[in-house]
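>>> Sequence and predicted structure, then a few things I'm wondering about:
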Amino acid sequence: MTAMTGTSVLAAYTTSTGEAVQFWILGTIAVIGALCTVFMRKAVHSALCLAGTMIVLAVFYLANGAYFLGIVQIVVYTGAIMMLFLFVVMLVGVTAADSLKETIRGQRWLALLCGLGFGALLAGGIGNATLTEFEGLAAANSAGNIQGLAALLFGKYVFAFEITGALLITASVGAMVLTHRERTERAKTQKELAEERVRKGEYVPPLPAPGVYARHNAVDIAGLLPDGTPSELSVSATLRERGQIRDVSTEAIADLRALEQRSAERLERNPLEPRPRPGGSTELKRAEEAQQ
Amino acid sequence: MNPVNYLYLAALLFTIGATGVLIRRNAIVVFMCIELMLNACNLSLIAFSRMHGNLDGQIIAFFTMVVAAAEVVVGLAIIVSLFRTRHSASVDDAALMKL
């Protein structure tokens, strides 16, 4: 390969061994990421695999002398677009299972066959090409990659660039129109909600917080009542409906018991015998004795 | 290394993306596969730009990115509004042209 004579030579005419090694390693990762995107069951995993593939592609852009686009790829694709994807995946529901039932019989195999045929077609076309070496971007990038791009963008392609502006504004307005929902009724104010609650008389005080006295503060763990039973009221109604409440009450009580035993050992107190006392549980009695 | 290798990689990624669009039922994953195809095209454009020694390919790739960003914004908005009415993101459920 031609030697890199300083930073002004930005891309070589033929590629170095280093680039070949980079290509084969990162290319493998990119293909694995793409395959995982297609074949992962959950949309979140697909999104993460796609983000990995896109980062690898950004490295390829940089290696090909497209410095501006390499950075834009990372900022716009993995930064903005993939995060938007993840945002929507979370909005739609991570647990929403993808239906694996085929609606058209044999469609999956036909699709795979089509994919293979298409790939063979593309490979055949590329195989016929007589491309053996890079011209290199050294001349085009001589004034700097960004300067070269800017000269083209605001010169030769300025009309397309302006149309792009129209496209972007249309897209943002379209997204707002599509996701906007007109309210059919006035939202109730806090005062009205409070009055309604008192009038109903169902549960007037504030709801208990989740995770209180449990082992975690997570919102899906019901807070424990003084006697150690979980209070379902403390978990959001949505989680209650989905049955996603985690019950840790037995663990919490076991932990408490272990803690009490350890403190009793340290204070050289005899392990407490549960003596029957009217009107008090053993837990309460231990607390009383610890205070003495 | 032969520069054609970049084109083969782009073709492979494009094929994987196209197969994914045909196979998957989840609208979000279908969308991700479309993004994969767009990225594969960008890779080939940038490789061509280096092969021919001018920056026009990079400009086209830049426009592709802009269009992809606009497309993602509208597409995800459509998916969200579909999910609101149907409570599923499956493309099979959206067989009718009305919500």
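That came through, no problem. Residues are numbered from 1 along each chain as shown, chains lettered A, B, ... in the order given.
>>> From B:N5, how far off is A:G27?
The gap separating A:G27 from B:N5 is 8 Å, by C-beta to C-beta, to the nearest Å. Just so you know, the C-beta spots here come from the backbone N, C-alpha and C atoms, and that holds for glycine as well.
>>> again but with A:N128, I slipped
15 Å.
>>> out of the two, which sits in the busier spot?
Taking neighbours as other C-beta atoms under 10 Å in any protein chain shown, A:N128 and B:N5 compare with B:N5 leading, 17 against 7.
>>> Does the more buried one touch A:Q22 like I think?
No - with contact defined as C-beta atoms under 8 Å, B:N5 and A:Q22 do not form a contacting pair (11.4 Å).
>>> Contacts only, for the residue nearest to A:I71 when sequence neighbours are not counted.
Excluding the flanking residues, the one nearest A:I71 by C-beta to C-beta, 6 or more residues apart in numbering or on different chains is A:A58, at 7.6 Å. By C-beta atoms under 8 Å, 6 or more residues apart in numbering or on different chains, the contact set of A:A58 is A:70-71, A:73-74, A:77-78.
>>> Just the element for A:A58, please.
helix A:43-63 (DSSP states H and E).
>>> If you average the pLDDT over that helix, what comes out?
When pLDDT is averaged over helix A:43-63, the result is 93.
>>> List the buried residues for that helix?
A:43, A:46-63 (16 or more other C-beta atoms under 10 Å in any protein chain shown).
>>> any idea which helix or strand comes after that helix?
That would be, after helix A:43-63 and using DSSP H and E, helix A:67-72.
>>> Tell me which residues of that following helix come out buried.
Residues A:67-70, A:72 are the ones in helix A:67-72 that count as buried (16+ other C-beta under 10 Å).
>>> Does the next helix or strand along the chain from that helix reach chain B?
Per DSSP H and E, the first helix or strand lying C-terminal to helix A:67-72 is helix A:82-92. Yes - using C-beta under 8 Å from any C-beta of the partner chain, helix A:82-92 reaches chain B at A:84-85, A:88-89, A:91-92.
>>> Adding pLDDT and neighbour count, write those out as CSV.
What follows is those, written out as CSV (pLDDT from 0 to 100; neighbours: other C-beta atoms under 10 Å in any protein chain shown):
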residue, pLDDT, neighbour count
A:L84, 90, 16
A:F85, 91, 25
A:V88, 89, 22
A:V89, 88, 24
A:L91, 83, 14
A:V92, 80, 22
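>>> Determine which two of these are furthest apart.
Largest separation among the residues of helix A:82-92 next to chain B by C-beta to C-beta: A:L84 and A:V92, giving 12.5 Å.
>>> shared neighbours, those two?
In contact with both A:L84 and A:V92: no residue, using C-beta under 8 Å, 6+ apart.
>>> Run through the helices of chain B in chain order.
Taking DSSP state H, the helices of chain B run over residues B:4-23, B:27-52, B:56-86.
>>> so which of these comes closest to A:E135?
With C-beta to C-beta as the measure, helix B:27-52 is the member of those nearest A:E135 (5.6 Å).
>>> so does that closest one get close to chain A?
Yes - Helix B:27-52 is in contact with chain A by C-beta under 8 Å from any C-beta, via B:28-29, B:31-33, B:35-36, B:39, B:42-43, B:46-47, B:49-52.
>>> which secondary structure elements does that helix contact?
Packing partners of helix B:27-52 (3 or more C-beta pairs under 8 Å, 6 or more residues apart in numbering or on different chains; DSSP states H and E): helix A:17-39, helix A:43-63, helix A:82-92, helix B:4-23, helix B:56-86.
>>> Swap in 6 Å and give it another go.
Judged by 3 or more C-beta pairs under 6 Å, 6 or more residues apart in numbering or on different chains; DSSP states H and E, helix B:27-52 is in contact with helix A:43-63, helix B:4-23, helix B:56-86.
>>> TSV please, covering those and showing distance to A:F118.
Conversion of the helices and strands packed on helix B:27-52 to TSV gives the following (distance: least, C-beta to C-beta, whole Å):
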stretch	distance to A:F118
helix A:43-63	19
helix B:4-23	6
helix B:56-86	20
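>>> Which among those helices is found nearest to A:L35?
Ranked by C-beta to C-beta, the member of these that lies closest to A:L35 is helix B:4-23, at 6.1 Å.
>>> Give the other helices and strands that the closest one contacts.
Short answer (3+ C-beta pairs under 6 Å, 6+ apart): helix B:4-23 packs on helix A:17-39, helix A:107-128, helix B:27-52.
>>> which of those helices is buried the deepest?
Neighbour counts (mean count of other C-beta atoms under 10 Å in any protein chain shown) averaged over each of the helices and strands packed on helix B:4-23 peak at helix B:27-52, with a mean of 24.
>>> I'd like the distance from it to the chain centre, please.
Its chain's C-alpha centre and that of helix B:27-52 lie 7 Å apart, by C-alpha atoms, centre = their mean, to the nearest Å.
>>> okay, the angle between that helix and helix B:4-23?
Counting by axes from the mean of the first three to the mean of the last three C-alpha atoms, to 10 degrees, helix B:27-52 lies at 160 degrees to helix B:4-23.
>>> if we can go back for a sec, sort out which one of the buried residues of helix A:67-72 lies nearest A:A151 for me.
Looking across the buried residues of helix A:67-72 and measuring by C-beta to C-beta, the closest to A:A151 is A:F68, at 12.5 Å.
>>> mind listing what that closest one touches?
By C-beta atoms under 6 Å, 6 or more residues apart in numbering or on different chains, the contact list for A:F68 reads A:145-146, A:149.
>>> Could you find the closest non-adjacent residue to A:V88?
B:L76 (4.8 Å).
>>> do you know how far the one you found is from A:V92?
If you go by C-beta to C-beta, the gap between B:L76 and A:V92 works out to 10 Å.
>>> same question, A:A222
26 Å.
>>> Specify the local secondary structure of A:R105.
coil (DSSP: H, G, I helix; E, B strand; the rest coil).
>>> So for it, what pLDDT did the model give?
79.
>>> Ramachandran coordinates for it?
phi -70, psi 130 (degrees, to the nearest 10).
>>> for it, what are its contacts?
Counting by C-beta under 6 Å, 6+ apart, A:R105 has no contacts.
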